[in-house]
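Student: Fold the stuff below for me.
(one chain, ligands or ions: 1)
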Amino acid sequence: MSIAKRVQELLAQMTLEEKVGQLQMLQGGGWHVPDHLREAIRAGRVGSVLNEVHVETVNELQRIAVQESRLGIPLLVGRDVIHGFKTVFPIPLGQAASWNPAVVERGARIAALEAASHGVNWTFAPMLDIGRDPRWGRVAEGYGEDPYLTSVMGAAAVRGFQGDKLDGLGSIAACAKHFAGYGASESGKDYNSTNIPENELRNVHLPPFAAAVDAGCATVMTSFSDIDGIPATANQFLLRQVLRGEWDFDGVVVSDWDSIRQLSVHGLTADNRESAREAALAGVDVEMASTTYAEHLASLVNDGKVAIETVDALVANILTLKFRLGLFESAETDAAAFPGIGIPAHLNAARTAATESLVLLKNAHGMLPLQAAHLKHVAVIGPLADEPFEQLGTWIFDGDANLSVPLLPALRARHPEIEFGYVRGLPTTRSQDRSGFDEAVALAERSDAVILMLGEEAILSGEAHCRADITLPGAQQALIEAVAATGKPVVLVLMAGRALALQSVVPHVHAMLYAWHPGCMGGPAITDVLFGHATPSGKLPVSLPRVIGQIPIYYGHKRTGKPATPDTIVRMEDIPARAEQLSIGNTSFHLDVHPSPLFPFGFGLSYTTFQYEQLALSARELRRDETLTVSFDLINAGARDATEVVQLYIHDPVASTTRPVRELKAFRRVALAAGEQRRISFTLTADDLAFYGRDRRRKAEAGQFHLWVGGNSDATLHHDFFLLD
Ligand code: BGC
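Tutor: Next up is the predicted model:
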C-alpha cells in the first residue's frame, strides 16, 4: 500500500485529540522517563520528542508509543546534531572553508550513523542561514556569506544525513533551518528583527533552502525572527506560498523552540490561542516545546476558527515522514547494528575535514611549513593550545571531549625530537590578566620559533552568543605584541567561530593560520599543516573585515551609483583643515578604512603558487538551450604537490534589477603535483545565470556577462560573453 494511502487510513481512525497530539514535540527526560511524558505518549498526546539520546530510554519511549498508545504511532526523535555527534567535525563554517562538499557529506553521514545508533531519527541541521554579519554568533553554524556555496554544502549535508533512503540504516531526517532570513538579524544580535526586501530574500537567503528541498530534505524549521512584519513562524508567504506552493515541499515544517508561543511576545497575536491559529494557518506541522496547539487547536477547530482539513494536512505531513523513515516497520534501535562511535574511520574523516578547513592567510618569507630539522625548541603559547573541549566549537551537545586531541599533545606526538615548551599566557581568551606574559615572553626568547594559539573559546559563538566587538577578546592583542617584540618567528593559529576583525594583528606575526573551531582532530590537523605533512588548501567562506565598522562586508555586494575607485578614495588624514564639503565626485567608502576586506571571500594561501592562464570560452554567445564551456590552464608553479580551490565568478552588468558585482557560480578542488599543469573546464547554462528580477520571476536575462576564474573572489583572469534571447 502506498504511504499516502496508509496515512489516509490512519488519519481516518484518529480522534481530534490524537491528531493534535501528533503535532506536539516535547523535551525528553534523560535516563529517567518522567511519568508525565510516559503518560502523554500513552495517551497519544505527543508525536515527537527532542533531546533524548539514551538509547534504552528512546527504545522505552518508542515501545510505549507503539505498544501502549491506542493507534501505535511511533515517535520522531529529534536532536541538534550539527557538526558531529560524539565524533565532532569542524564547525559548519569551518567545513565550508574546505570548499569540499564530500567533506560535508561524509561528516553528516558519520554524525547520522552515530546519532541513529542512539535512537535519534531527526537532526535539526543543516543551518542554511546566510551569514554576512560576523557579530551574529550563529555564523558558526552556517556555511558563510555566499548563497551558492551554502547551497552546495547544504545539499551535501542533506545527502549525508539522509543517505540513499530515509529508512536505511543510519539515515536520519535532515532539517533545513532557519526558514528564513534569520542570519539577517539586525546588528548581528540573535533573535533580532530582519529587514530583507523580497529581491534580496529570493536571490540571497532563499536559494540554499530551495537547494535543500531539491536534495530531498525531509523537514524545514521556521526562524525565530520577524520578517517584513510577520514572524517567520506565522509567515504564510514563506511557508505556504514559497515553500509549499512554489517549491512543492511535501515534508514537515517544525517551529523553532517555543517560537509559536513567542508570536504573542512579538506582538503579532494577543495570546496563545491566536498564536496557535496563526501558526496552523501558516502550516507549521510540529510545535517544538511550547504547547499552544495542545491547549487550543481542538477548540479552534470546534469553534470553526481552523478547518479540520488544515489540521489533517499538518498531521498527514508528520505521519508521512514517520512512514518514510520506516518507523512503522521498526521503531526500536539496535545499537549493535551500527559501526560504532568514535571509531578510527570516523576520527580519520574528522581529521581530513579539519585539515581541509584550515586557511593560511599569511606566510611571510615562507615561514611555514616549519622545518623540523632546523628546530630544537619551539614555544607554544596561548590559552587554546591544550584545550580538548574548546576546539570542538559551539553546539556540540553530545560531543565527546575524550576523543579530542588538542594542538600541544599533537605536536609532541608528531615531533618528539623537538622540545615544545608551553605557557598559557592568559587564563582564557577573555582574560585581561597579564601576569602570565613574562613567562610567555621568556619562553619565546629561548625558543627558535613561536606558535601562538589564540582566538575565541567555543562559548563565544553560537546561539545567543553574539559579540559587538569582534576583535580578539581579552588581552590577546597585547600578548601577541609582547611575544612579537622578542623578534622570534611567530605563527599565529586562530580558533574562532566567526570572522574576526584582525587588522591590528596581522602586522605583528609572520604567519597566520585560521582554524575556526576545527573539531576533535584539530590538533593533529594543525600540526600536519604547520610542519608541512599536509599543504593548506582551505579558502575563506566569508570575507574578513579590517575593522568592525565595515560590517556587513561581503564580496557579492551591489555596485551602487558611486562605486569607490582607487583614485577617489580619500584618507581622513589627507583632508585639509576646514575643507569645504562637496558632493560632486564622491564615491562609496569610509574615510578611516580602505573599502576592501582584510582578506577577501575565497582567499587562502598554499605552500605552492598556482597560476591561471589561457582562459577560453566555447562561444562568445550562449543560447538558452546551450551549454557554455569555460576552460583554463591551472599550473602548480611551486615545488610542492598541493590542492587549489578554483573558483568561477560572473557579473550581470545590466539587468532589470541591480545585481551583485560578483557571484560565485562554480568551484572545484583540484590536486596538482609540483610543476603540473592541467586544463580545467566548467560548464554554465542559462539557468546558472538566472535570478529574480523586476517581474519577480526567476530567469536569466539576455545581454552581456562578465566572467572571472581564479583562486579567490578578487580573481582577475577575465572574459565576457553574451546570453542571447
Ligand atoms: C535553536 C534551533 C534548535 C532548537 C532545538 C533553538 O533554540 O534556534 O536551531 O534546533 O533550539 O535545540
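Student: Every contact and neighbour count from this point should use C-alpha atoms.
Tutor: Fine.
Student: Next up, the contacts around residue 230.
Tutor: Listed by CA atoms under 8 Å, 6 or more residues apart in numbering, the contact set of residue 230 reads residue 268.
Student: Kindly provide the distance from it to residue 195.
Tutor: Computed as CA to CA, to the nearest Å, the residue 230 to residue 195 distance reads 11 Å.
Student: got it, and residue 676?
Tutor: 49 Å.
Student: so what pLDDT did the one residue in the stretch 251-400 of the chain that gets nearest to the ligand get?
Tutor: For the stretch 251-400 of the chain, the residue closest to the ligand is residue 257, as judged by CA to the nearest ligand atom, at 4.9 Å. You'll see residue 257 listed with a pLDDT of 98.
Student: Could you do residue 582 as well?
Tutor: pLDDT, residue 582: 87.
Student: And for residue 30?
Tutor: Listed pLDDT for residue 30 reads 69.
Student: OK, contacts around the residue of the stretch 51-200 of the chain found nearest the ligand?
Tutor: As assessed by CA to the nearest ligand atom, the ligand sits closest to residue 124 within the stretch 51-200 of the chain, at 4.9 Å. Applying CA under 8 Å, 6+ apart to residue 124 gives the contacts 78, 79, 80, 81, 82, 174, 175, 176, 177, 221.
Student: if we go to 10 Å?
Tutor: Residue 124 makes contact with 50, 78-82, 173-178, 219-221, 254, 256, according to CA atoms under 10 Å, 6 or more residues apart in numbering.
Student: In strands, which of these fall?
Tutor: 50, 78, 79, 175, 176, 177, 178, 219, 220, 221, 254 (DSSP state E).
Student: TSV for these, including neighbour count and pLDDT?
Tutor: As requested, the ones in strands among the contacts of residue 124 are exported to TSV (neighbours: other CA atoms under 10 Å; pLDDT from 0 to 100):
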residue	neighbour count	pLDDT
50	21	96
78	27	98
79	21	97
175	30	99
176	30	99
177	27	98
178	26	98
219	26	99
220	30	99
221	26	99
254	29	99
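Student: And this structure, what are its domain boundaries?
Tutor: What automatic domain parsing lists as the domains of the chain is 1-73+242-324, 355-530, 610-723.
Student: helix or strand for residue 653, which one?
Tutor: Under the criterion DSSP states H and E, no helix or strand holds residue 653.
Student: Those residues of this structure touching the ligand, which are they?
Tutor: 80, 124, 256, 257 (CA under 6 Å from any ligand atom).
Student: ok, and the most crowded of those residues?
Tutor: Using other CA atoms under 10 Å as the neighbour test, the residues of the chain next to the ligand are led by residue 256, with 25 neighbours.
Student: got a list of what it touches?
Tutor: 124, 177-179, 220-224, 232-233, 262, 284, 286-290.
Student: low-scoring stretches of the protein, by residue?
Tutor: Applying pLDDT under 70 to the chain flags the ranges 30.
Student: Take the helix or strand where residue 314 lies, keep the C-alpha atoms, and write them as PDB.
Tutor: According to DSSP H and E, residue 314 maps onto helix 308-324. Only the C-alpha atoms of helix 308-324 are listed here, as PDB (Å, rounded to 0.1, in the frame of the first residue of the first chain):
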ATOM      1  CA  ILE A 308     -10.200  20.300  10.300                       C
ATOM      2  CA  GLU A 309      -8.700  19.900   6.900                       C
ATOM      3  CA  THR A 310      -6.000  22.200   7.900                       C
ATOM      4  CA  VAL A 311      -5.200  20.100  10.900                       C
ATOM      5  CA  ASP A 312      -5.400  16.900   8.900                       C
ATOM      6  CA  ALA A 313      -2.900  18.300   6.500                       C
ATOM      7  CA  LEU A 314      -0.400  19.000   9.300                       C
ATOM      8  CA  VAL A 315      -0.900  15.600  10.800                       C
ATOM      9  CA  ALA A 316      -0.500  13.900   7.400                       C
ATOM     10  CA  ASN A 317       2.900  15.500   6.900                       C
ATOM     11  CA  ILE A 318       4.100  14.100  10.100                       C
ATOM     12  CA  LEU A 319       2.700  10.600   9.600                       C
ATOM     13  CA  THR A 320       4.200  10.600   6.100                       C
ATOM     14  CA  LEU A 321       7.600  11.300   7.500                       C
ATOM     15  CA  LYS A 322       7.200   8.500  10.100                       C
ATOM     16  CA  PHE A 323       6.300   6.100   7.300                       C
ATOM     17  CA  ARG A 324       9.200   7.300   5.100                       C
END
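Student: how about the CA coordinates for whichever helix or strand comes after it, as CSV?
Tutor: Later in the chain than helix 308-324, the nearest helix or strand by DSSP H and E is helix 344-357. Extracted in CSV, the C-alpha atoms of helix 344-357 (Å, rounded to 0.1, in the frame of the first residue of the first chain):
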residue,chain,number,x,y,z
PRO,A,344,39.2,5.2,13.6
ALA,A,345,37.3,5.7,10.3
HIS,A,346,35.2,8.5,12.0
LEU,A,347,38.2,10.1,13.5
ASN,A,348,40.1,10.0,10.3
ALA,A,349,37.3,11.7,8.5
ALA,A,350,37.2,14.3,11.1
ARG,A,351,40.9,14.8,10.7
THR,A,352,40.6,15.2,6.9
ALA,A,353,37.8,17.7,7.4
ALA,A,354,39.8,19.7,9.8
THR,A,355,42.9,19.7,7.6
GLU,A,356,41.0,20.9,4.6
SER,A,357,39.2,23.6,6.6
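Student: Now find how far off-centre helix 344-357 is within its chain.
Tutor: 17 Å (CA atoms, centre = their mean, to the nearest Å).
Student: quick one: contacts of whichever helix or strand comes after it?
Tutor: Using DSSP H and E, the helix or strand that follows helix 344-357 in sequence is strand 359-363. Contacts of strand 359-363 with the rest of the structure, by CA under 10 Å, 6+ apart, involve 94, 97-98, 368-369, 491-494, 506-507, 509-516, 529-530, 535-541, 598-599, 602-607.
Student: Give me the distance between residue 445 and the ligand.
Tutor: 46 Å (CA to the nearest ligand atom, to the nearest Å).
Student: Please tell me how far residue 648 sits from residue 466.
Tutor: Applying CA to CA, the value for residue 648 to residue 466 is 32 Å.
Student: got the end-to-end distance for stretch 58-70?
Tutor: End-to-end distance for stretch 58-70: 19 Å, by CA to CA.
Student: Stretch 255-262 too?
Tutor: End-to-end for stretch 255-262, by CA to CA: 11 Å.
Student: Stretch 210-218 now?
Tutor: OK, stretch 210-218 end separation, CA to CA: 12 Å.
Student: Figure out how far it is from the centre of its chain.
Tutor: How far stretch 210-218 lies from its chain's middle: 16 Å, per CA atoms, centre = their mean.
Student: all numbers from here: first residue = 671
Tutor: Okay, residue one is now 671; in that scheme the one you just asked about reads as stretch 880-888.
Student: If you count neighbours, what's buried in that stretch?
Tutor: Using 16 or more other CA atoms under 10 Å as the test for burial, stretch 880-888 gives 880, 881, 882, 883, 885, 886, 887, 888.
Student: helix or strand for the fourth one, which one?
Tutor: Residue 883 is part of helix 877-884, with elements assigned from DSSP H and E.
Student: angle of that helix against strand 845-849?
Tutor: For helix 877-884 against strand 845-849, the angle by axes from the mean of the first three to the mean of the last three CA atoms, to 10 degrees is 150 degrees.
Student: I'd like to know which elements helix 877-884 is packed against.
Tutor: helix 817-832, strand 845-849, strand 889-892 (3 or more CA pairs under 10 Å, 6 or more residues apart in numbering; DSSP states H and E).
Student: Quick one: these as JSON lines, columns for distance to residue 1393 too.
Tutor: Output for the helices and strands packed on helix 877-884, formatted as JSON lines (distance: least, CA to CA, whole Å):
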{"stretch": "helix 817-832", "distance to residue 1393": "21"}
{"stretch": "strand 845-849", "distance to residue 1393": "33"}
{"stretch": "strand 889-892", "distance to residue 1393": "35"}
